[in-house]
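# Sequence first, then the predicted structure:
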Amino acid sequence: MARVEAFLAQQVATRPAALAITDSIGTRWCFADLDAASDALAELFRDAGVAANDRVLMLSENCASAVAVLFACWKLDAVVIPVNARQTESELNRILDHATPVAIVMTTAVSTDAGIHAARLGAREVSGDFGTLHMASFRSNPDADLHDVAVLLYTTGTTGDPKGVMLTHGNMCFGGTASSNLREMRTDDVIYGVLPLTHVFGLVSVITGAIYAGATVQQEARFSAKSLYDAVMAGVTILPAVPQMHALVMQYSKEQGLTELGSPSLRYVSSGGAPLDPAWKRKAEAFYGLPLQNGFGMTETASGASATRNPPGSPDISVGPKTPGTEIRIDDAASGGNGAGTGEVLVRGPHVMKGYYRNPSETEKALSPDGWLRTGDLGMIDDNGHLHILGRSKELIIHGGFNVYPPEVEAALNDHPQVIQSAVIGRMKDGDEEVLAFVQIADGDSLEPEELRRFVGERLVGYKRPSRIVMGTSLPAAPTGKILKHKLLEAFADQLD
């Protein structure tokens, strides 16, 4: 199928009454309901002047109505710009100025932040089969450069030029199908949809993959450890999440006096967004009673480029072999190598983006003429053909002339039983980069930095050990749960010299 809306059409033709979407405000839509809701929205958008190759910005948190917005735009051959409603006014304005959408749609029924933006923008309330939303209209300006583009996903960041990743219908169809096949999604599956659909993981791997398979998605507007725990105990079968979510639900369960989850329905658990260390992986697998599958992907690849399918107890901490249809190679030219060893991970395949919208210079830097994407991630491929991610090339710390990979230091910190999660960055000081560690512990715990320093000192060579360890009960995080490393120095400025 060449277009994403064809996935929904297939389910409507064969299983119209099957449950497709539920959400946190009580919506329960079968596939026919989702189709009708998107039809009603498409009519509303058409009346507002939305045409093929126009942009519609969706300011949202996860809910059924947001999914209807996606399919309504695709039925009009318009392009969706999914943006999390928790973006600040200045962050949103940067995207608006760059993308110039014809309309903004806000999921105010599930998001107070969307409501604040709606009031500021003078949006009007609209309601129908799709629920209740707010909408603001602007001037129509179709762009032929967006032919066959399904979504523009703006990458995280508040400095530099905007980078709107253009994902085509072909990118998303390939990614959704690959995700569904990887997880062996079935029509009787219930997938926990807490990963924001404004992020590629939630949009492609969860929503698109589930609709392709005919599975049910339980949408959650915001993550909470209690809600996740309750869901997996009440029928969820597939749990895609990021390590921070796993860490927090394990901490919640520990506070309830539980060491194991014991879900009667859960059959597949995955972790993405960060490397795994062996001790943490064993702890998570003991908690879930299932293998913890890992993978590697990014916005620019529309889905996972590699993924594991490990049996229980596997010691594998890689991000797995390349997914079917994907090519991966390592570029170690910077170190004088010949394509082997450690270097930047390059990816090619049907899921690689069309480019960055209105940013040809960044597109040229990222994409080679023959289709290879420079990921910016450092990695290596082992003898089994499994990819190992060592960190972002921009996050590599060079301390005393030695390379320090943050994930390795974070793994040592996370081994401590009182550490929930950690983040490591470099900071220039006196002509060298020092290693800074930021560590989250539970409120009320009494772990001291010196105790943790001694703990990691037994696990890391001297140049890898943090020169500073900053403790806190929370770390700045994106809606996906991913730690926002670029905000750590600001968030803990009062504890740093």
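Received the coordinates, thanks. Remember, it's a predicted structure, so these values are computed and weren't measured experimentally.
# can you pull the buried residues of the longest helix anywhere in the chain?
For the chain, the helix with the greatest residue count under DSSP state H is helix 31-47. Neighbour-count burial for helix 31-47 flags 31, 33-42, 44-45 (criterion: 16 or more other C-beta atoms under 10 Å). Glycine gets a C-beta too; all of them are placed from N, C-alpha and C.
# and the residues you listed as CSV, adding pLDDT and distance to Lys254?
Below are the buried residues of helix 31-47 laid out as CSV (pLDDT from 0 to 100; distance: C-beta to C-beta, whole Å):
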residue, pLDDT, distance to Lys254
Phe31, 98, 39
Asp33, 98, 39
Leu34, 98, 38
Asp35, 98, 43
Ala36, 98, 44
Ala37, 98, 40
Ser38, 98, 42
Asp39, 98, 47
Ala40, 98, 46
Leu41, 98, 43
Ala42, 98, 47
Leu44, 97, 47
Phe45, 96, 47
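# Of those residues, which is the nearest to Gly128?
Ala40 (4.6 Å; C-beta to C-beta).
# ok, that closest one touching Phe130?
Yes - the criterion here is C-beta atoms under 8 Å, and Ala40 meets it with Phe130 at 5.4 Å.
# Pull up the overlap in contacts between these two.
Taking C-beta atoms under 8 Å, 6 or more residues apart in numbering as the criterion, Ala40 and Phe130 both touch Ala72.
# re the thing from before, which of the buried residues of helix 31-47 lies closest to Leu182?
For the buried residues of helix 31-47, the nearest to Leu182 is Phe31 (22.3 Å; C-beta to C-beta).
# wait, doesn't that closest one sit right on Gln10?
No - using C-beta under 8 Å, Phe31 makes no contact with Gln10, being 9.2 Å away.
# quick one: the helices in the stretch 1-150 of the chain?
With DSSP state H, counting those that start in this stretch as the criterion, the stretch 1-150 of the chain has helices at 5-14, 31-47, 64-75, 89-99, 112-121.
# least reliable of the ones you listed going by mean pLDDT?
Lowest mean pLDDT of those: helix 89-99, a mean of 89.
# what comes up buried for stretch 233-243?
Buried residues in stretch 233-243 (16+ other C-beta under 10 Å): Val236, Thr237, Ile238, Leu239, Pro240, Ala241, Val242, Pro243.
# quick one: which of those is nearest to Arg183?
Ile238 (5.8 Å).
# Run through the helices of the stretch 151-300 of the chain in chain order.
Using DSSP H, counting those that start in this stretch, helices in the stretch 151-300 of the chain cover 169-183, 200, 209-213, 225-232, 243-255, 278-288.
# Now distance to Leu261 too, for those helices, in JSON lines please.
As requested, those are arranged in JSON lines below (distance: least, C-beta to C-beta, whole Å):
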{"stretch": "helix 169-183", "distance to Leu261": "18"}
{"stretch": "helix 200", "distance to Leu261": "27"}
{"stretch": "helix 209-213", "distance to Leu261": "22"}
{"stretch": "helix 225-232", "distance to Leu261": "7"}
{"stretch": "helix 243-255", "distance to Leu261": "7"}
{"stretch": "helix 278-288", "distance to Leu261": "5"}
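# quick one, what contacts the residue sitting nearest the centre point of the chain?
For the chain, Phe201 is the residue whose C-alpha lies nearest the centre (C-alpha atoms, centre = their mean; 4.1 Å). Applying C-beta under 8 Å, 6+ apart, we find Phe201 in contact with Leu195, Pro240, Val242, Gly272, Gly273, Gly297, Thr480.
# ok, so of those residues, who is nearest Gly379?
Of the contacts of Phe201, the one sitting nearest to Gly379 (C-beta to C-beta) turns out to be Gly297, at 12.8 Å.
# Kindly state the beta-bridge partners for that closest one.
Gly304 (DSSP bridges).
# Against Glu395, how distant is Glu260?
Counting by C-beta to C-beta, to the nearest Å, the separation of Glu260 from Glu395 is 34 Å.
# Pick out whichever of those two has more residues nearby.
Counted by other C-beta atoms under 10 Å, Glu260 and Glu395 do not tie: Glu395 has more neighbours, with 18 against 10.
# Just give the closest residue to the more buried one, not the sequence neighbours.
Spatial nearest neighbour of Glu395, excluding adjacent residues (C-beta to C-beta, 6 or more residues apart in numbering): Pro406 at 5.5 Å.
# residues contacting that neighbour?
Gly391, Glu395, Ile397, Ala423, Val424, Ile425.
# At which residues are the strands of the stretch 251-400 of the chain located?
Secondary structure of the stretch 251-400 of the chain (DSSP state E, counting those that start in this stretch): strands at 268-272, 292-297, 304-307, 327-331, 343-348, 355-356, 373-381, 387-392, 397-399.
# Quick check: which of those is buried the most?
strand 304-307 (a mean of 28; mean count of other C-beta atoms under 10 Å).
# what does that strand rub up against?
With C-beta under 8 Å, 6+ apart, strand 304-307 has contacts from 175, 178-179, 182, 205, 270, 272, 293-298, 319-323, 326, 328, 347, 349, 351, 386-387.
# Out of the buried residues of stretch 233-243, flag the one nearest to Trp74.
Distances from Trp74 to these, taken by C-beta to C-beta, are shortest for Pro240, at 22.5 Å.
# circling back: okay, the strands of the stretch 251-400 of the chain in JSON lines with mean pLDDT next?
Shown next, in JSON lines, are these (pLDDT from 0 to 100):
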{"stretch": "strand 268-272", "mean pLDDT": "91"}
{"stretch": "strand 292-297", "mean pLDDT": "92"}
{"stretch": "strand 304-307", "mean pLDDT": "93"}
{"stretch": "strand 327-331", "mean pLDDT": "95"}
{"stretch": "strand 343-348", "mean pLDDT": "95"}
{"stretch": "strand 355-356", "mean pLDDT": "96"}
{"stretch": "strand 373-381", "mean pLDDT": "92"}
{"stretch": "strand 387-392", "mean pLDDT": "84"}
{"stretch": "strand 397-399", "mean pLDDT": "81"}
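# As JSON lines, these with distance to Phe71 would be great.
JSON lines is the format used below for these (distance: least, C-beta to C-beta, whole Å):
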{"stretch": "strand 268-272", "distance to Phe71": "25"}
{"stretch": "strand 292-297", "distance to Phe71": "23"}
{"stretch": "strand 304-307", "distance to Phe71": "23"}
{"stretch": "strand 327-331", "distance to Phe71": "31"}
{"stretch": "strand 343-348", "distance to Phe71": "28"}
{"stretch": "strand 355-356", "distance to Phe71": "24"}
{"stretch": "strand 373-381", "distance to Phe71": "28"}
{"stretch": "strand 387-392", "distance to Phe71": "33"}
{"stretch": "strand 397-399", "distance to Phe71": "44"}
